[in-house]
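Asks: model this:
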Amino acid sequence: MNQERNDNETNGDYTTGDAFDDRYVSVNDYTGEGYDLVNGEKMDVIANEKFAEIEEAMKAFFLEEYKTEVIVHNVVGNVDGATVFVESVGEPHFHTYAMIGIDRQEDEIIPDSIWTQSSQVEQGIFSGLLAMIMDEEFTVLDDFVEGIADKHPIVGWRQEAINNVGSTGYTTPYYFIQPMALRDEMTEINRLYFKNPSISADELKNQFDKDAYNANYFTISIQVYMDEEDSQPTETLLDKIVQEFKALEGVPRGNYSISLHDNYVNKLSAEGFQDNSLEERDLIRE
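Replies: Residues are numbered from 1 along each chain as shown. Here you go, the predicted structure:
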């Protein structure tokens, strides 16, 4: 899917003039509308016409394969069918996606042709379980990002955008987490969840030592945007945010990055990174 996003950046006729400008929308207004996958135009029409069928098939798939009830938010045509963006109901809370096949000759959904990318959903589930296990630590992180948004001229994503094109597991308007490198821990904690999808946070906490995992392998990406359309990210502002973060105590142990973008999102790829984006990486918190 990332390859398809990258192809949209280089292979489409989006590089000059008005077409270039039309790619971008203010993050203040962005809801995920306009997201596009390569060679998905025809499938996109069919997928939207068949949304109810896709929704039913996806809900059944996630319940059977991952013991998880989901809300289907959005479908986007791809070369072979449709990419479907879903949000889990309750805890563990996460956003992810799956693909469903479409018979292009008959314009029909193929309900028994649903697939996911390797470990994509598993990572999403694990990220949501970690948020349950480290609820106090994530509350500290939430308070921090909401505080810097109040203090500085920055904003995050709208919830509608996260729902419609978000696929990064446990995701908030200001950050998402990627724990897939914690492979052994993911296998064990997910096993407990699949065995008992109603497992409580306290039971999970008893099975996971939050002081023992390798913090370098737990990536937490903080993404913020300038709050006005004509504002540019500056090193001075990024440094202020980084210094405030370094002074923070009680956040989840992990390898953090902080990215500061201008006010625009590429609506085709749901990407905020541009040439003027600024980033501080490898902020390790042990």
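
Asks: So Val75 belongs to a strand, correct?
Replies: Yes - read with DSSP: H, G, I helix; E, B strand; the rest coil, Val75 is one of the residues of a strand.

Asks: and it, what does it touch?
Replies: Ala47, Asn48, Phe51, Ile54, Ala82, Thr83, Val84, Phe85 (Cβ atoms under 8 Å, 6 or more residues apart in numbering). The way it works is simple: take the backbone N, C-alpha and C, and place the C-beta from them, glycine included.

Asks: Run through who's touching the helix or strand containing the second one.
Replies: Secondary structure assigned from DSSP states H and E places Asn48 in helix 41-49. Residues from elsewhere that reach helix 41-49, judged by Cβ under 8 Å, 6+ apart: 54, 75-82, 102, 104, 107, 109.

Asks: will you turn the contacts of Val75 into CSV that also has secondary structure, neighbour count and distance to Ser259?
Replies: As requested, the contacts of Val75 are exported to CSV (DSSP: H, G, I helix; E, B strand; the rest coil; neighbours: other Cβ atoms under 10 Å; distance: Cβ to Cβ, whole Å):
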residue, secondary structure, neighbour count, distance to Ser259
Ala47, helix, 24, 31
Asn48, helix, 14, 32
Phe51, helix, 15, 33
Ile54, helix, 23, 33
Ala82, strand, 27, 30
Thr83, strand, 24, 24
Val84, strand, 25, 27
Phe85, strand, 24, 22
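
Asks: What mean pLDDT does the host helix or strand of Asp150 get?
Replies: Element membership of Asp150, judged by DSSP H and E, is helix 135-151. The average pLDDT within helix 135-151 is 98.

Asks: Export only the CA atoms of it, formatted as PDB.
Replies: Extracted C-alpha coordinates of helix 135-151, given in PDB (Å, rounded to 0.1, in the frame of the first residue of the first chain):
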ATOM      1  CA  ASP A 135      -2.800   3.500  30.000                       C
ATOM      2  CA  GLU A 136      -1.300   5.800  32.600                       C
ATOM      3  CA  GLU A 137       1.800   6.500  30.400                       C
ATOM      4  CA  PHE A 138      -0.300   7.200  27.400                       C
ATOM      5  CA  THR A 139      -2.400   9.600  29.400                       C
ATOM      6  CA  VAL A 140       0.800  11.600  30.100                       C
ATOM      7  CA  LEU A 141       1.600  11.600  26.400                       C
ATOM      8  CA  ASP A 142      -2.000  12.700  25.500                       C
ATOM      9  CA  ASP A 143      -1.800  15.500  28.000                       C
ATOM     10  CA  PHE A 144       1.600  16.600  26.500                       C
ATOM     11  CA  VAL A 145       0.400  16.700  22.900                       C
ATOM     12  CA  GLU A 146      -2.800  18.500  23.800                       C
ATOM     13  CA  GLY A 147      -0.800  20.900  25.900                       C
ATOM     14  CA  ILE A 148       1.600  21.900  23.100                       C
ATOM     15  CA  ALA A 149      -1.300  22.300  20.800                       C
ATOM     16  CA  ASP A 150      -2.900  24.800  23.200                       C
ATOM     17  CA  LYS A 151       0.500  26.600  23.700                       C
END
